[in-house]
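Student: Mind folding the following:
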Amino acid sequence: MMWRQPVLGSVWAAQSPAKASPAPLLFVPALTRLALPPPNLFRTGRKAPRELCMNGKSVRLIVLVAMAGILLSFSGCGRNQHLVSIAVVPPGPVTFQGVGAAIQFKAIGTYIHPPETKDITNQVRWSIDSQNLATVSSTGFVTATSVCGSGNVMASLNAPPNFVFGTAFVTGNGIGTAACNQALLSVTIKGTGTVTSPSGTINCPGTCNAVFPLNSVVTLTGTPGSGASTVSWTGCSPSGDTCNASMTGNVVVGATFQ
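Tutor: Below you'll find the predicted structure:
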């Protein structure tokens, strides 16, 4: 018995030395033909090369490892979801029109891995940094106890690896009048830059509202940010990068960086 090399796309066929007629040839797709072992493997009885045995195992192992990695990445997203920011709604400034006036604040949390935004009002810790103006409950319900003063309502949550918080500015309607002997200064910004007061009470963006003694003068300094070189002012007496705000009542100062 001897082996005859078939034409492309056929299997190996055996023929007798005494007969010239070839055995019927069967068509096999190229991928199947490439997977067939060489003919001398059957004639000699030798074992298949180690590479042939290992290739299938290696491919299966690679596929299993890849699938495991994908599954772990999906499950990891769920386990690793964490809080990155809290928005207090409404963001303020909120003005109480009288003693006993009240408002319900909400805390909206923003998460990643996977991304999600949800109401976490009942999960955060609520506080206010002006106890003389108002009180806040454990669910974010704020009640005014005075028409004088101002403060920040804060919602915070310790969400390892982050400590996350958000604030809303509140004030009483007596601010800016002789009844309270205080006035509210609010700063707005256009463009890229920062506005600060000497005491650091104003540091905007960030802290853009603060109360100062009535009839005082507050000097604000504008520092241009990236892409800006100058600052122009409204609502105060400008002098280059600084301006003076006269607190004869509540004042709004605008800074435009260009």
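Student: mind listing what residue 203 touches?
Tutor: Taking C-beta atoms under 8 Å, 6 or more residues apart in numbering as the contact definition, residue 203 lies against 194-197. Quick note: C-beta positions are derived from backbone N, CA and C, even for glycine.
Student: Give me the nearest residue to residue 231, chain neighbours excluded.
Tutor: Excluding the flanking residues, the one nearest residue 231 by C-beta to C-beta, 6 or more residues apart in numbering is residue 222, at 3.6 Å.
Student: And for residue 175?
Tutor: The spatial neighbour of residue 175 that comes closest, neighbours along the chain excluded (C-beta to C-beta, 6+ apart), is residue 184 at 4.7 Å.
Student: surely residue 166 meets residue 83?
Tutor: No: with the criterion set as C-beta atoms under 8 Å, residue 166 and residue 83 do not qualify as a contacting pair; they are 10.7 Å apart.
Student: Just list whatever residues bridge to the residue lying closest to residue 118 once chain neighbours are set aside.
Tutor: The shortest distance from residue 118 to any residue that is not its chain neighbour, by C-beta to C-beta, 6+ apart, is 5.9 Å, and that residue is residue 109. As for beta bridges, residue 109 partners with residue 86, residue 118 under DSSP bridges.
Student: so who does residue 109 touch?
Tutor: For residue 109, the contacting residues are 83, 85-86, 117-120, 123-124, 157, 164, by C-beta under 8 Å, 6+ apart.
Student: Going by neighbour count, which of these are buried?
Tutor: Among these, those classed as buried by 16 or more other C-beta atoms under 10 Å are 83, 86, 120, 124, 157, 164.
Student: Relative to residue 205, which of these is nearest.
Tutor: Set against residue 205, the nearest of the buried ones among the contacts of residue 109 by C-beta to C-beta is residue 86 (16.8 Å).
Student: Surely that closest one touches residue 107?
Tutor: Yes: taking contact to mean C-beta under 8 Å, the distance of 5.4 Å between residue 86 and residue 107 places them in contact.
Student: Overlap of the contact sets of these two?
Tutor: In terms of C-beta under 8 Å, 6+ apart, residue 86 and residue 107 are both contacted by the residues 120, 124, 155, 157, 166.
Student: Please give me every residue in contact with the third one.
Tutor: Okay, so that is residue 155. Shown here is residue 155, whose contacts under the criterion C-beta under 8 Å, 6+ apart are 86, 88, 105, 107, 121, 124-126, 140, 165-167.
Student: how much space between it and residue 119?
Tutor: When C-beta to C-beta, to the nearest Å is the yardstick, residue 155 and residue 119 sit 11 Å from each other.
Student: okay, and the common contacts of these two?
Tutor: In terms of C-beta under 8 Å, 6+ apart, residue 155 and residue 119 are both contacted by the residues residue 107.
Student: Identify those among the contacts of residue 155 that sit within strands.
Tutor: Under the assignment DSSP state E, the contacts of residue 155 contribute 86, 88, 107, 125-126, 165-167 to strands.
Student: Give me the buried subset of the residues you listed.
Tutor: Burial of the ones in strands among the contacts of residue 155 was assessed by neighbour count (16+ other C-beta under 10 Å); the buried members are 86, 88, 107, 126, 165-167.
Student: Narrow the contacts of residue 203 to those in helices?
Tutor: Helix and strand membership here follows DSSP state H; of those, not one is in helices.
Student: I'd like to know which of those residues are part of strands.
Tutor: Secondary structure from DSSP E places 194-196 of the contacts of residue 203 in strands.
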